[in-house]
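In: From the sequence below, what's the structure:
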Amino acid sequence: MGHSHLNATESPEPTSAALATRRRATVLLSAILVPLGVLTLIAMVVLWPTGDRSSLSVANPYATAEGVSFERGTVREVGEGDCPSSQATVDAGGTALTCTIAYTQPALGGDVIPVEVTPELAKTRAVEAGDEIRYLDLAAVMQGGAAPYVFVDFVRSVPIVALAVVYAVVVIAVARWRGLRAIIGLVGALVILAQFILPGLVEGRPPLLLGLVGSVVIMYGVLYFAHGFSARTSTALLGTVFGLGVTAALAAWVTDAAHLTGVGDENAYTLVNASDELSISSIILCGLIISGLGVLNDVTITQSSSVWELYELAPDTPGRRLFASAMRIGRDHIASTVYTIAFAYAGAALPVLILVSLYDRALLDTLTSGELAEEVVRTLVGSIGLVLAIPLTTGIAVLVVKAVGPKAGGGRNDDGSRDHAEPAVPAHGDAGTLAPGGRLVALGERRARRAAGEGA
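Out: Residues are numbered from 1 along each chain as shown. I've put the predicted structure just below:
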């Protein structure tokens with residue numbers, strides 16, 4: 001038989017009917033997502049904060065009086081001794097107090113100075129020789145006796161920056177260009193949070209709209225930038241928007257129904273006294289919407305990709321069976337994700353959990369107390385939103401993948417790179433020919449021959 005010149009990794013040319021179906025699927029997704037995106041951008045422009053903070057009055061804890069400054073230095077030695085701050089007591093005939101002292105070399109040079117370590121930190125024995133610290137220099141305002149230098153905080157720049165670099169390297173090494181795009185998308189999301197959502201809350205913008213609009217904008221940018229423009233990404237975006245809508249509706253109801261006022265938090269007291277326009281309940285409501293973004297994005301893109309991969313492995317699978325198979329994956333994802341959310345919040349609130357566990361209270365009273373109610377509600381609201389987003393995303397993905405069909409382009413991924421799992425095969429399938437990666441393609445040769453009608 002004659003040899004065919006069809007590459008084994010290339011898909012047959014789609015029929016005109018298939019092309020028309022694909023166009024209809026693309027048009028359908030665009031008809032939903034494009035107007036939604038335009039409306040979101042318009043709402044963002046309308047809600048954009050003015051930047052006027054004249055009505056806000058917050059005391060800066062890092063502000064200092066004239067002559068007082070924050071300095072940096074390196075700890076040379078840590079020991080117990082008479083507190084320099086009790087020198088006035090000694091001068092008056094009293095007894096000096098004993099405290100932990102970090103003998104520190106100032107970063108600007110000079111003699112080693114005794115820096116008092118606060119009692120709470122001294123109990124942890126966290127300050128050690130070699131640590132870089134910040135301390136308060138009161139030398140210019142003290143009258144007589146030794147001038148105290150008071151410990152303020154550690155300088156954590158080096159370990160945190162190093163950890164961030166390691167994180168970026170690991171993500172890019174494993175996920176490559178898609179990982180790099182995801183990191184850039186994360187930076188963009190933080191910009192939206194810092195420049196739109198937070199200032200909007202300060203100025204008293206509607207928290208429900210602010211959180212929903214900001215979250216949708218973030219998801220548009222993150223999903224398309226990290227995963228590319230494709231039907232599967234658009235499907236995941238639709239599921240994410242649906243999940244955000246459910247989360248927002250539940251958050252709006254439960255914030256009022258559960259009386260989440262946030263007044264038990266010291267930071268909340270500071271904000272309440274800072275401005276009459278600030279509402280702690282509004283901040284909690286917006287926070288409930290934003291807190292589920294990452295997990296919601298995770299489950300929707302995973303479900304959408306799962307449907308595509310299952311379909312490409314078995315293109316003849318009926319839609320109902322494809323949905324059932326993808327939902328089995330989704331149910332496992334739901335179970336693991338619920339644990340993820342619960343333990344993430346439990347870890348963040350661990351000091352509060354320990355403190356509350358020491359109280360002699362019933363379990364239900366403890367979980368519904370002001371200290372834990374917000375964390376419990378956040379877990380439940382986020383979980384409900386993501387659980388409901390999974391079947392919807394799966395259903396949309398099945399409908400779209402049936403319309404769009406398998407990927408065209410001869411084994412290329414969404415980002416345009418070739419899938420090397422099935423290397424290109426020469427036209428005649430020569431057994432001694434090497435693929436671009438230098439590997440023999442015996443399997444590809446057999447597939448090429450079958451495609452050419454020789455494999456029988």
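
In: got the contact list for stretch 368-387?
Out: Applying CB atoms under 8 Å, 6 or more residues apart in numbering, the external contacts of stretch 368-387 come out as 243-244, 246-247, 250-251, 254-255, 258, 260-264, 284, 287-288, 291-292, 295-296, 299, 334, 337-338, 341-342, 345-346, 348-349, 352-353, 355-356, 361, 366-367. No exception for glycine: its C-beta is placed from N, CA and C like everyone else's.

In: Quick one, which of the residues you listed are buried?
Out: By neighbour count, with 16 or more other CB atoms under 10 Å, these hold 243-244, 246-247, 250-251, 254-255, 260-262, 284, 287-288, 291-292, 295-296, 299, 334, 337-338, 341-342, 345, 349, 353, 356 as buried.

In: on that earlier part again, in helices only, show me the contacts of stretch 368-387.
Out: Using DSSP state H, the members of these that fall within helices are 243-244, 246-247, 250-251, 254-255, 284, 287-288, 291, 295-296, 299, 334, 337-338, 341-342, 345-346, 348, 352-353, 355-356, 366-367.

In: how far away is A257 from C286?
Out: Counting by CB to CB, to the nearest Å, the gap between A257 and C286 amounts to 17 Å.

In: could you say which helix or strand contains G79?
Out: Using DSSP states H and E, the secondary-structure element containing G79 is strand 69-82.

In: Show me what that strand is in contact with.
Out: 62, 64, 90, 96-108, 112-115, 117, 127-137, 149, 152, 155.

In: Give the buried residues for that strand.
Out: Using 16+ other CB under 10 Å as the test for burial, strand 69-82 gives E71, G73, T74, V75, V78, D82.

In: Save those residues as CSV, and put in pLDDT and distance to G330 too.
Out: Below are those laid out as CSV (pLDDT from 0 to 100; distance: CB to CB, whole Å):
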residue, pLDDT, distance to G330
E71, 85, 55
G73, 89, 55
T74, 91, 53
V75, 90, 52
V78, 88, 54
D82, 77, 65
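
In: Okay, the residue nearest to the spatial centre of the chain and A96: tell me how far apart.
Out: The chain has G294 as the residue nearest its centroid, 4.8 Å off, counting by CA atoms, centre = their mean. Applying CB to CB, one obtains 52 Å for the distance of G294 from A96.

In: Longest helix in the chain, by number of residues?
Out: As far as residue count goes, and with DSSP H defining each element, the longest helix of the chain is helix 157-192.

In: Mind checking the pLDDT average for the helix or strand following it?
Out: The element immediately downstream of helix 157-192 (helix or strand, assigned by DSSP H and E) is helix 198-202. For helix 198-202, mean pLDDT is 85.

In: CA-only coordinates of helix 198-202 in CSV, if you can.
Out: Backbone C-alpha positions of helix 198-202 (Å, rounded to 0.1, in the frame of the first residue of the first chain) are rendered in CSV as follows:
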residue,chain,number,x,y,z
LEU,A,198,-9.0,48.4,50.6
PRO,A,199,-9.3,52.2,49.8
GLY,A,200,-12.9,51.6,48.8
LEU,A,201,-13.7,50.1,52.2
VAL,A,202,-12.0,53.0,53.9
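
In: all strands for this protein, in order.
Out: Per DSSP state E, the chain has strands spanning 69-82, 98-106, 113-116, 132-137, 149-154. These are given in chain order.

In: Pull up the pairing partners for the third one, direction included.
Out: This means strand 113-116. If you go by DSSP bridges, strand 113-116 pairs up with strand 98-106 (antiparallel), strand 149-154 (parallel).

In: how about those, which one is nearest T270?
Out: With respect to T270, and counting by CB to CB, the nearest of these is strand 149-154 at 18.5 Å.
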